[in-house]
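> below: sequence and its predicted model.
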Amino acid sequence: MRFSHISVVALSFHTSLGHPTSSSRQSLIPRLNTPGLYPSRVVGIQQVQTSSIQGTSKAAAEEEEENENEVDIAGTFDTPVALEGGDIKQDVIFQGSVGGFEVEFQAITARTLTVSENKTPAAAPAGFKALEPSSFKVNFAEGGGELTLGQIDFIFNITNEALSGVDLSTSRVGKLCTETNTFVVDDALGEVEFEQDENEIILKVTDLSGEFGIFVPQTAGTEEGDAIEEEDEKAGQIEVAGLFGSLNRVDANVFTNLNFPANAAGSLEVEYNGTSANTILVAPGLATAAPPAGHLFVDPLTFTITTETAPQAGDVLKVDYIFTAEMKAAIDASKGIPGKFDAATQQFVTTDLGEFEFEEEENEWSLTVTDLNGQWAFFVPETAVL
């Protein structure tokens, strides 16, 4: 549709939102008490954020207290290590080629641990490849069961060139099946956890005895490969600061990302790669319709998008929302969904809008559409509030 002079003037009251200051952004929140709007249906970031900070502090204190009760021991291959009982947690670490192999032990009874390095281990499980060339044989003279805590860990040395570009988060600890002489990677072995900040893969077990190897899926993408793929995808794209209440021009056959001003919840992004040049007008406003049943608005603002030229076949059009770290801490972002206002029913609809994608690393929800025009909003289920 074409913009008339009247339509631009009518939206001019939003111009201040196109050039927001910190005070103008904050002034949006008190207006949520306006009759007919939905102040109670918006995710409350600050309250949840405060709880999150308190929870983080408590967790840090608990971790510090836990660490005080741990004993770290430097192990030597083929040399017995006397471990104490009395439920004292003891971590014994052995140096491998690409990191440290660690046995975490806690039990009522004392044990004697011996770990041997096997430099010619059995083949990796089907679909996997070995990250650490050696495997490790764990033996307890008194048996490796009846534990308060038992873990087989591997701490990667990320400076090692052999790990360059490897997505370590997909790594797994495998255990040798003595009957078939093959390594097994299976959830049945125990609970698996990857600690990103420690570059550590963990396998929690009920029996520490056995031979263990460290593996990664053969088909797993690497960080380097992902970076190249992302770079290729973004090649030719341009980033432009979008202005609310203004006519944002986009050129033909140029992949343009219009990034609009952010508030405490996040920011809108409109992606346009069309066969013809266009002009995009975005008018923010407070919602005058309720969110879908059982849902909350992520942002108190909705965004009405109007384009000068109708969409053409072959256009790539996206309505995205990039949420802040504070919002991410307040919700389960994987449950977020976009919505579009339906004038016929006077309600927001969330189905059959287009291809939706949650980009966790980018803190972004992305909806590919056939038409940008309409009033858009973003929601989470009430049950997704943390």
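Noted; the coordinates are in hand. Values in this document were obtained by computation on a predicted structure and should not be read as measured data.

> switch to C-alpha atoms for all contacts and neighbour counts from now on
Noted.

> how far away from the center of its chain is the helix or strand harbouring E211?
Remark: E211 resides in strand 210-217, with elements defined by DSSP states H and E. In terms of Cα atoms, centre = their mean, to the nearest Å, the centre of strand 210-217 is found 26 Å from the chain centre.

> try stretch 188-196
Distance of stretch 188-196 from its chain centroid, counting by Cα atoms, centre = their mean, is 18 Å.

> with stretch 98-112 instead?
When C-alpha coordinates are averaged (Cα atoms, centre = their mean), stretch 98-112 and its chain have centres 32 Å apart.

> do stretch 308-318 as well
On Cα atoms, centre = their mean, the centre of stretch 308-318 falls 30 Å from that of its chain.

> would you mark the buried spots in it?
Applying a neighbour-count criterion of 16 or more other Cα atoms under 10 Å, one finds 308, 311, 315-318 buried in stretch 308-318.

> now do stretch 345-359
Taking 16+ other Cα under 10 Å as the basis for neighbour counts, the residues of stretch 345-359 that come out buried are 347-350, 354, 356, 358.

> distance from it to the middle of the chain?
Mean-position distance between stretch 345-359 and its chain equals 21 Å (Cα atoms, centre = their mean).

> please shift the residue numbers so they start at 814 in all later answers.
Taking 814 as the first residue, the last one we looked at is stretch 1158-1172.

> need the distance between the two termini of it.
Taking Cα to Cα, to the nearest Å, stretch 1158-1172 runs 31 Å from one end to the other.

> what mean pLDDT does it have?
Rounded to a whole number, the mean pLDDT of stretch 1158-1172 is 94.

> touching it from outside, list them.
By Cα atoms under 8 Å, 6 or more residues apart in numbering, the residues outside stretch 1158-1172 that reach it are 1102-1105, 1147, 1149-1155, 1177-1183.

> how about a cut-off of 6 Å?
The set of residues external to stretch 1158-1172 that reach it, using Cα atoms under 6 Å, 6 or more residues apart in numbering, is 1152-1155, 1178-1182.

> restricted to buried residues, select these in ChimeraX.
The buried residues among the contacts of stretch 1158-1172 can be selected in ChimeraX (16+ other Cα under 10 Å) with this line:
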select :1152,1153,1154,1178,1179,1180,1181,1182
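
> between the contacts of stretch 1158-1172, which sits nearest V998?
Proximity to V998 was ranked across the contacts of stretch 1158-1172 by Cα to Cα; first place goes to W1178, at 33.3 Å.

> and the residue nearest to the closest one when sequence neighbours are not counted, how close does it get to L1071?
Across the structure, with Cα to Cα, 6 or more residues apart in numbering as the measure, the residue nearest W1178 apart from its sequence neighbours is F1171 (4.8 Å). With distances defined as Cα to Cα, the gap from F1171 to L1071 amounts to 19 Å.

> and if you look at S947?
To L1071, S947 is 51 Å away according to Cα to Cα.

> higher neighbour count, those two?
Set side by side, S947 and L1071 give different neighbour counts by other Cα atoms under 10 Å, the larger being at L1071 (23 against 20).

> tell me if I'm right that that one and S1080 touch.
No: at 10.6 Å, L1071 does not count as touching S1080 under the criterion of Cα atoms under 6 Å.

> in the protein, which spans are helices?
Secondary structure of the chain (DSSP state H): helices located at 818-823, 828-831, 835-839, 858-881, 1036-1047, 1138-1143.

> averaged pLDDT, the second one. What do you get?
Read it as helix 828-831. Mean predicted lDDT for helix 828-831 stands at 40.

> circling back to that earlier point, so of the contacts of stretch 1158-1172, which ones are in strands?
Using DSSP state E, 1152-1155, 1178-1182 are the members of the contacts of stretch 1158-1172 that sit in strands.

> of these, closest to I1135?
Out of the ones in strands among the contacts of stretch 1158-1172, the one with the shortest distance to I1135 is W1178. That distance is 6.5 Å, counting by Cα to Cα.

> F1136 is in contact with the closest one, correct?
No: using Cα under 6 Å, W1178 is not in contact with F1136, being 8.2 Å away.

> what sits closest to I1014 if chain neighbours are left out?
Spatial nearest neighbour of I1014, excluding adjacent residues (Cα to Cα, 6+ apart): F1007 at 4.5 Å.
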